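A.B. asks: Please work out how this folds:
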Amino acid sequence: MVLAALLLGIFSAFVYIKISNLRASEFYERLRERADVAGRLVRDSDRLPAEARARLQRQLLNALQDEELLVYSTKDSLILQEATHSLSISPDRLHQVRKTGFLFWQEGKRQFLLEVMEHYPDSIIVAVAAEDKLGYEQLENLSVGLAWGGLLGIGIAGLFAWALASWGIRPLKKLTLQAMKIQRPHERLVIPDKRDELGLLSQTFNHLLERLDAAFALQRTFIANASHELRTPIAVLMAQLHELKTAAIPDNQAKLAEMQTSLERLLDLIQQLLWMAQSAQEPENVQMEPTRMDETTFEAIQIARQRWPERDIRMDMNLLEQAESEPIVLGNPLLLQVAILNLVDNACKYATPSTPVLVSIREEKGLSIIVSDTGPGVPPERLSRLKEPFFRASTARAKQGSGVGLALTDRIAQLHNGTLELTVIPDGGLKAELCFPKMGEPASSG
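C.D. replies: Numbers count the residues shown, from 1 in each chain. This is a model prediction of the structure:
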């Protein structure tokens, strides 16, 4: 666009300068014609017939606009004067024109011409000056026309460049939209038929997706196999530890209890990793069925109450009872129960002693399960990182945990086209909200 404007400017300037020079040259020719008429009239007035002399006088009377005409003898005396302005030629210019025979110059918009003409027995000097007002008006009109033409040309060039650029990047926009719609590593870009740069770019991007898909598949397989293989020996250790506790002397009971707690934590972590691998599968590979979320939530709370008998876990069903439809979502019952149980476990772990953990279900833009506590909360700048695997906030490092629970819950929510929203409670604590689309409803865009 800038280059087009520069080229148009250069072209307009060239045209203007060329026409201006042509105007000046043509007007000097007209001045020379006037000088020739005046010289012939002075030189040949005695020898010309009356009719020819009258014709020359009529031509002389047909003066240019603001024309001034002087004729000098060899002694620089004025022979003829046809002037409306005070025109005077300096002796230096008269001396110079006698050497060159012809001289012209311009002062402002007025053009001057001096010409030496042979005259028996001596020569004469004719001086003519005039202003080409019509020529300058035409030049001004030309400059205005060139300016508007340049602006119009720039506009047309801009529209053409925009249309050409839009047409040129249309295939790239299509590829960009395809890439933005890719949510799973197994999805691929549609490669254009033509073998150009976009086709090579699509192939390269698809190769990258293939490598990512293979890496994720290897990761899932490793986690699933490792978790499965580790569960059996840990279960054996748990059984043997239980037998040792029954036969151990009282002094060793505390150590054995500590070992049992560590093994239980390790078994829980392995189970979480196994569920993590299962939740990372494609939705079509996970068994889905209509699931009542009120029953699933109640079952998760019952398990949590067994784990945390000292905690007051309350379930509020009032908002759900006012709903017009059943709280059913399409999902995997076990994974949904794990997601809710992780939230309740997390709340019980960090809630202030003697304060209740509140669990409620409501129907608003889908189905939401809300778990809130009165714990220490999380710094706002760290809130977004709670969904990262193995991340633990500074306020949680004093508690036992692996940092997998919230990350697993978030993955399970995504697997079911849902979301996990975490909010810091101003008075202290954390509110976690699981949102799922109800069966038969479209997934939430948030």
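
A.B. asks: Any regions of the stretch 251-400 of the chain where pLDDT drops low?
C.D. replies: 251-252, 264-265, 267-285, 319-324, 390-400 (pLDDT under 70).

A.B. asks: Find the residue closest to Lys387 in space, skipping its chain neighbours.
C.D. replies: Closest residue in space to Lys387, ignoring its immediate chain neighbours: Asp410 at 4.4 Å, by CB to CB, 6 or more residues apart in numbering. (C-beta placed from N, C-alpha, C; glycine too.)

A.B. asks: Test my guess that the one you found contacts Arg385.
C.D. replies: No: applying CB atoms under 8 Å as the test, Asp410 and Arg385 come out as separate, 11.6 Å apart.

A.B. asks: So those two - more neighbours on which side?
C.D. replies: A count of neighbours by other CB atoms under 10 Å puts Asp410 above the other of Asp410 and Arg385, at 22 against 12.

A.B. asks: Check which helices and strands the helix or strand where Gln414 lies sits against.
C.D. replies: Assessed by DSSP states H and E, Gln414 sits inside helix 405-415. Helix 405-415 sits against helix 250-279, helix 333-350, strand 419-424, strand 430-436, with contacts defined as 3 or more CB pairs under 8 Å, 6 or more residues apart in numbering; DSSP states H and E.

A.B. asks: How about Leu189, nearest residue that isn't a chain neighbour?
C.D. replies: Closest to Leu189 by CB to CB, 6+ apart is Ser202, at 4.7 Å.

A.B. asks: So that neighbour belongs to a helix, correct?
C.D. replies: Yes: assessed with DSSP: H, G, I helix; E, B strand; the rest coil, Ser202 lies in a helix.

A.B. asks: That one is in contact with Arg195, isn't it?
C.D. replies: No: using CB under 8 Å, Ser202 is not in contact with Arg195, being 10.7 Å away.

A.B. asks: who has more neighbours, the two?
C.D. replies: A count of neighbours by other CB under 10 Å puts Ser202 above the other of Ser202 and Arg195, at 19 against 10.

A.B. asks: Can you give me every residue that contacts that one?
C.D. replies: Counting by CB atoms under 8 Å, 6 or more residues apart in numbering, Ser202 touches 175, 189-192.

A.B. asks: any idea of the pLDDT on Phe436?
C.D. replies: As predicted, Phe436 sits at a pLDDT of 91.

A.B. asks: and it, what does it touch?
C.D. replies: 293, 329, 331, 366-368, 413, 416-418.

A.B. asks: Now for the residue nearest to it when sequence neighbours are not counted, how many residues are close by?
C.D. replies: Distances taken as CB to CB, 6+ apart place Gly418 nearest to Phe436, at 4.0 Å, with adjacent residues excluded. Here the number of neighbours of Gly418 (other CB under 10 Å) works out to 23.

A.B. asks: For Gly418, grab phi and psi.
C.D. replies: phi -110, psi -170 (degrees, to the nearest 10).
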